[in-house]
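Visitor: Could you work out the structure for the sequence below:
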Amino acid sequence: MTGVRVYWIIVVATILLGLIMPQQGYGKKYYIWVMAIIHTFVCGFRYMYLTGDLRNYAADYYNYRSLGWFNSEVFQEGRNTGFAWLMKFISGMTNGNFQILLLVIAIIIEVALAILIYRYSPKPWMSYLVWNCMGFYIFGFSAIKQALAMAFLMIAMVYIFEERPKAFVITVLIAGTIHTPALIFLPAYWICKFRLNTKVILSYLVFAGIVFSFRTSIVEIMTDLYYDETSFVMN
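Guide: So this is what the prediction gives:
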(Lines give C-alpha, C1' and ligand atoms only; values in the text may rest on other atoms or scores of the structure.)
Protein backbone atom coordinates (compact mmCIF):
# COMPACT_ATOMS: atom_id res chain seq x y z
CA MET A 1 0.00 0.00 0.00
CA THR A 2 2.90 2.36 0.67
CA GLY A 3 3.99 2.10 -2.95
CA VAL A 4 0.48 2.96 -4.15
CA ARG A 5 0.37 6.01 -1.87
CA VAL A 6 3.72 7.20 -3.18
CA TYR A 7 2.45 6.78 -6.74
CA TRP A 8 -0.67 8.84 -6.07
CA ILE A 9 1.36 11.53 -4.30
CA ILE A 10 3.51 11.86 -7.41
CA VAL A 11 0.45 12.05 -9.67
CA VAL A 12 -1.09 14.76 -7.48
CA ALA A 13 2.23 16.64 -7.37
CA THR A 14 2.45 16.44 -11.16
CA ILE A 15 -0.91 18.15 -11.54
CA LEU A 16 -0.70 20.68 -8.69
CA LEU A 17 2.84 21.81 -9.50
CA GLY A 18 1.77 22.04 -13.13
CA LEU A 19 -0.94 24.52 -12.12
CA ILE A 20 1.41 26.57 -9.94
CA MET A 21 4.67 26.58 -11.92
CA PRO A 22 5.29 28.01 -15.41
CA GLN A 23 4.50 25.70 -18.32
CA GLN A 24 5.64 27.90 -21.18
CA GLY A 25 8.88 29.52 -22.27
CA TYR A 26 12.18 29.40 -20.43
CA GLY A 27 10.50 29.16 -17.02
CA LYS A 28 9.06 25.70 -17.67
CA LYS A 29 12.49 24.22 -17.05
CA TYR A 30 11.99 24.69 -13.29
CA TYR A 31 8.89 22.50 -13.29
CA ILE A 32 10.70 19.88 -15.37
CA TRP A 33 13.70 19.94 -13.00
CA VAL A 34 11.44 19.43 -9.97
CA MET A 35 9.59 16.52 -11.59
CA ALA A 36 12.85 14.92 -12.76
CA ILE A 37 14.31 15.13 -9.25
CA ILE A 38 11.17 13.63 -7.68
CA HIS A 39 11.10 10.71 -10.11
CA THR A 40 14.84 10.12 -9.82
CA PHE A 41 14.69 10.12 -6.03
CA VAL A 42 11.82 7.61 -5.87
CA CYS A 43 13.25 5.31 -8.56
CA GLY A 44 16.86 5.58 -7.43
CA PHE A 45 16.33 5.01 -3.72
CA ARG A 46 13.46 2.51 -3.66
CA TYR A 47 14.00 -0.92 -2.18
CA MET A 48 16.78 -2.60 -4.18
CA TYR A 49 15.08 -6.00 -4.54
CA LEU A 50 11.55 -4.83 -5.25
CA THR A 51 10.84 -7.57 -7.83
CA GLY A 52 12.17 -10.91 -8.97
CA ASP A 53 13.76 -9.23 -11.98
CA LEU A 54 15.77 -6.92 -9.74
CA ARG A 55 16.94 -9.84 -7.64
CA ASN A 56 18.24 -11.53 -10.79
CA TYR A 57 19.95 -8.34 -11.96
CA ALA A 58 21.51 -7.90 -8.51
CA ALA A 59 22.92 -11.43 -8.57
CA ASP A 60 24.60 -10.71 -11.93
CA TYR A 61 25.74 -7.30 -10.68
CA TYR A 62 27.65 -8.81 -7.77
CA ASN A 63 28.99 -11.67 -9.88
CA TYR A 64 30.30 -9.51 -12.74
CA ARG A 65 32.95 -7.91 -10.51
CA SER A 66 35.11 -11.04 -10.58
CA LEU A 67 34.59 -11.82 -14.28
CA GLY A 68 36.44 -10.53 -17.34
CA TRP A 69 34.88 -8.09 -19.77
CA PHE A 70 34.65 -10.75 -22.46
CA ASN A 71 33.68 -13.60 -20.15
CA SER A 72 30.78 -15.54 -21.67
CA GLU A 73 28.47 -14.56 -18.80
CA VAL A 74 29.25 -10.88 -19.30
CA PHE A 75 29.62 -10.67 -23.08
CA GLN A 76 26.59 -12.93 -23.70
CA GLU A 77 27.51 -13.51 -27.35
CA GLY A 78 27.03 -9.80 -28.03
CA ARG A 79 23.42 -9.76 -26.79
CA ASN A 80 22.70 -6.97 -24.29
CA THR A 81 26.46 -6.63 -23.77
CA GLY A 82 26.25 -2.87 -23.23
CA PHE A 83 23.99 -3.33 -20.22
CA ALA A 84 26.22 -6.07 -18.77
CA TRP A 85 29.31 -3.90 -19.23
CA LEU A 86 27.58 -0.97 -17.53
CA MET A 87 26.71 -3.21 -14.58
CA LYS A 88 30.26 -4.55 -14.40
CA PHE A 89 31.79 -1.06 -14.54
CA ILE A 90 29.55 0.44 -11.84
CA SER A 91 29.80 -2.69 -9.69
CA GLY A 92 33.59 -2.47 -9.78
CA MET A 93 33.58 1.26 -9.02
CA THR A 94 31.15 0.96 -6.10
CA ASN A 95 32.25 -2.36 -4.61
CA GLY A 96 29.00 -3.99 -5.67
CA ASN A 97 26.58 -1.34 -4.38
CA PHE A 98 23.43 -2.21 -6.36
CA GLN A 99 21.61 0.91 -5.18
CA ILE A 100 24.11 3.06 -7.09
CA LEU A 101 23.25 1.23 -10.33
CA LEU A 102 19.54 1.91 -9.78
CA LEU A 103 20.30 5.57 -9.13
CA VAL A 104 22.48 5.95 -12.24
CA ILE A 105 19.83 4.33 -14.44
CA ALA A 106 17.11 6.54 -12.90
CA ILE A 107 19.19 9.66 -13.62
CA ILE A 108 19.78 8.67 -17.26
CA ILE A 109 16.08 7.93 -17.82
CA GLU A 110 14.84 11.14 -16.22
CA VAL A 111 17.42 13.33 -17.99
CA ALA A 112 16.40 11.84 -21.36
CA LEU A 113 12.73 12.39 -20.57
CA ALA A 114 13.38 15.94 -19.35
CA ILE A 115 15.21 16.84 -22.57
CA LEU A 116 12.38 15.48 -24.72
CA ILE A 117 9.68 17.27 -22.71
CA TYR A 118 11.56 20.57 -22.45
CA ARG A 119 12.18 20.78 -26.17
CA TYR A 120 8.92 19.54 -27.62
CA SER A 121 6.09 19.38 -25.09
CA PRO A 122 3.59 22.28 -25.19
CA LYS A 123 2.28 21.19 -21.76
CA PRO A 124 4.99 19.58 -19.58
CA TRP A 125 2.57 18.72 -16.76
CA MET A 126 0.45 16.70 -19.17
CA SER A 127 3.52 14.89 -20.53
CA TYR A 128 4.55 13.88 -17.01
CA LEU A 129 1.00 12.85 -16.23
CA VAL A 130 1.03 10.54 -19.26
CA TRP A 131 4.47 9.27 -18.21
CA ASN A 132 3.03 8.29 -14.84
CA CYS A 133 -0.40 7.04 -15.80
CA MET A 134 0.69 5.02 -18.85
CA GLY A 135 3.05 2.99 -16.68
CA PHE A 136 6.38 4.08 -18.20
CA TYR A 137 7.53 5.48 -14.87
CA ILE A 138 6.68 2.27 -12.99
CA PHE A 139 8.27 0.29 -15.82
CA GLY A 140 11.66 1.50 -14.59
CA PHE A 141 11.08 -0.08 -11.18
CA SER A 142 11.63 -3.62 -12.45
CA ALA A 143 12.57 -3.76 -16.13
CA ILE A 144 15.63 -1.55 -15.71
CA LYS A 145 17.36 -2.94 -18.81
CA GLN A 146 14.39 -2.15 -21.05
CA ALA A 147 13.83 1.20 -19.35
CA LEU A 148 17.46 2.22 -19.92
CA ALA A 149 17.20 1.27 -23.59
CA MET A 150 13.99 3.32 -23.77
CA ALA A 151 15.90 6.34 -22.45
CA PHE A 152 18.27 6.17 -25.41
CA LEU A 153 15.31 5.78 -27.77
CA MET A 154 13.84 8.98 -26.33
CA ILE A 155 17.11 10.74 -27.22
CA ALA A 156 16.85 9.13 -30.66
CA MET A 157 13.42 10.78 -30.98
CA VAL A 158 15.12 14.15 -30.47
CA TYR A 159 17.43 13.35 -33.39
CA ILE A 160 14.42 12.52 -35.56
CA PHE A 161 12.96 15.97 -34.87
CA GLU A 162 16.37 17.60 -35.46
CA GLU A 163 16.87 15.60 -38.68
CA ARG A 164 20.20 14.10 -37.64
CA PRO A 165 20.15 10.57 -39.13
CA LYS A 166 23.71 9.61 -38.14
CA ALA A 167 23.19 10.56 -34.50
CA PHE A 168 19.84 8.74 -34.59
CA VAL A 169 21.38 5.50 -35.89
CA ILE A 170 24.27 5.62 -33.38
CA THR A 171 21.88 6.21 -30.47
CA VAL A 172 19.57 3.37 -31.51
CA LEU A 173 22.57 1.04 -31.89
CA ILE A 174 23.65 1.94 -28.35
CA ALA A 175 20.11 1.16 -27.15
CA GLY A 176 20.41 -2.16 -29.01
CA THR A 177 23.54 -3.08 -27.05
CA ILE A 178 21.53 -2.53 -23.86
CA HIS A 179 18.40 -4.39 -24.97
CA THR A 180 18.60 -6.03 -28.39
CA PRO A 181 14.89 -5.63 -29.38
CA ALA A 182 15.44 -1.84 -29.33
CA LEU A 183 16.98 -2.27 -32.79
CA ILE A 184 13.45 -2.59 -34.19
CA PHE A 185 13.33 1.21 -33.80
CA LEU A 186 15.94 1.72 -36.55
CA PRO A 187 13.43 2.30 -39.42
CA ALA A 188 11.59 4.93 -37.35
CA TYR A 189 13.64 7.85 -38.69
CA TRP A 190 12.61 7.19 -42.27
CA ILE A 191 9.07 6.08 -41.43
CA CYS A 192 8.53 9.41 -39.68
CA LYS A 193 9.45 11.18 -42.92
CA PHE A 194 6.47 9.70 -44.75
CA ARG A 195 3.68 12.17 -45.32
CA LEU A 196 0.42 10.84 -43.98
CA ASN A 197 -2.10 10.30 -46.75
CA THR A 198 -4.72 7.70 -47.61
CA LYS A 199 -2.18 5.41 -49.30
CA VAL A 200 0.24 5.45 -46.35
CA ILE A 201 -2.53 4.90 -43.80
CA LEU A 202 -3.90 1.95 -45.79
CA SER A 203 -0.39 0.50 -46.03
CA TYR A 204 -0.04 0.71 -42.24
CA LEU A 205 -3.39 -1.01 -41.77
CA VAL A 206 -2.48 -3.81 -44.18
CA PHE A 207 0.88 -4.30 -42.48
CA ALA A 208 -0.80 -4.33 -39.04
CA GLY A 209 -3.28 -6.92 -40.32
CA ILE A 210 -0.47 -9.16 -41.59
CA VAL A 211 1.40 -8.91 -38.28
CA PHE A 212 -1.79 -9.70 -36.36
CA SER A 213 -2.59 -12.70 -38.57
CA PHE A 214 0.87 -14.23 -38.14
CA ARG A 215 1.48 -13.00 -34.59
CA THR A 216 1.97 -16.48 -33.12
CA SER A 217 4.56 -17.48 -35.71
CA ILE A 218 6.37 -14.16 -35.34
CA VAL A 219 6.56 -14.53 -31.55
CA GLU A 220 7.86 -18.09 -31.89
CA ILE A 221 10.58 -17.08 -34.38
CA MET A 222 11.70 -14.07 -32.34
CA THR A 223 11.61 -16.06 -29.11
CA ASP A 224 13.84 -18.75 -30.62
CA LEU A 225 16.31 -16.03 -31.63
CA TYR A 226 16.30 -14.22 -28.30
CA TYR A 227 15.62 -16.74 -25.56
CA ASP A 228 16.95 -20.19 -24.74
CA GLU A 229 13.95 -21.40 -22.76
CA THR A 230 11.36 -20.96 -25.51
CA SER A 231 8.62 -23.06 -23.95
CA PHE A 232 8.85 -21.13 -20.67
CA VAL A 233 8.61 -17.74 -22.37
CA MET A 234 5.77 -18.83 -24.64
CA ASN A 235 3.78 -20.10 -21.68
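Visitor: what ranges do the helices span in the protein?
Guide: 2-20, 28-44, 52-64, 72-75, 81-93, 98-120, 124-133, 136-142, 144-161, 165-178, 188-191, 198-213, 215-226, 230-234 (DSSP state H).
Visitor: Now stretch 41-59: average pLDDT?
Guide: The average of the pLDDT scores along stretch 41-59 is 78.
Visitor: just stretch 14-23 next, same as before
Guide: On average, stretch 14-23 scores 91.
Visitor: May I see the buried residues of it?
Guide: Residues of stretch 14-23 classed as buried: Thr14, Leu17, Gly18, Met21, Gln23 (neighbour count, 16 or more other CB atoms under 10 Å). All C-beta spots, glycine's among them, are computed from the backbone N, C-alpha and C.
Visitor: do stretch 22-38 as well
Guide: Neighbour counts using 16+ other CB under 10 Å place Gln23, Lys28, Tyr31, Ile32, Met35, Ala36, Ile38 of stretch 22-38 among the buried residues.
Visitor: what separates the second one from Met21, distance-wise?
Guide: Relative to Met21, Lys28 is positioned 8 Å away (criterion: CB to CB, to the nearest Å).
Visitor: Now do the shared contacts for those two.
Guide: Overlap of the contact sets of Lys28 and Met21 (by CB atoms under 8 Å, 6 or more residues apart in numbering) is empty.
Visitor: thought Asn63 was touching Met87?
Guide: No - counting by CB atoms under 8 Å, Asn63 does not reach Met87; the two are 9.5 Å apart.
Visitor: Which of these two has more residues huddled nearby?
Guide: More neighbours surround Met87 than the other of Asn63 and Met87, with 24 against 16 (other CB atoms under 10 Å).
Visitor: And the more buried one, what's its pLDDT?
Guide: With respect to pLDDT, Met87 has a value of 91.
Visitor: list the buried ones in stretch 169-176?
Guide: Thr171, Val172, Ile174, Ala175, Gly176.
Visitor: contacting residues around it?
Guide: For stretch 169-176, using CB under 8 Å, 6+ apart, the contacting residues are 82, 149-150, 152-153, 155-156, 159, 182-183, 185-186, 188-189.
Visitor: Equivalent analysis for stretch 195-215, please.
Guide: Stretch 195-215 has contacts (CB under 8 Å, 6+ apart) with Phe194, Ile218.
Visitor: can you check stretch 43-59 too?
Guide: With CB under 8 Å, 6+ apart as the contact definition, stretch 43-59 has outside contacts at 87, 98-99, 102-103, 105-107, 109-110, 137, 140-145.
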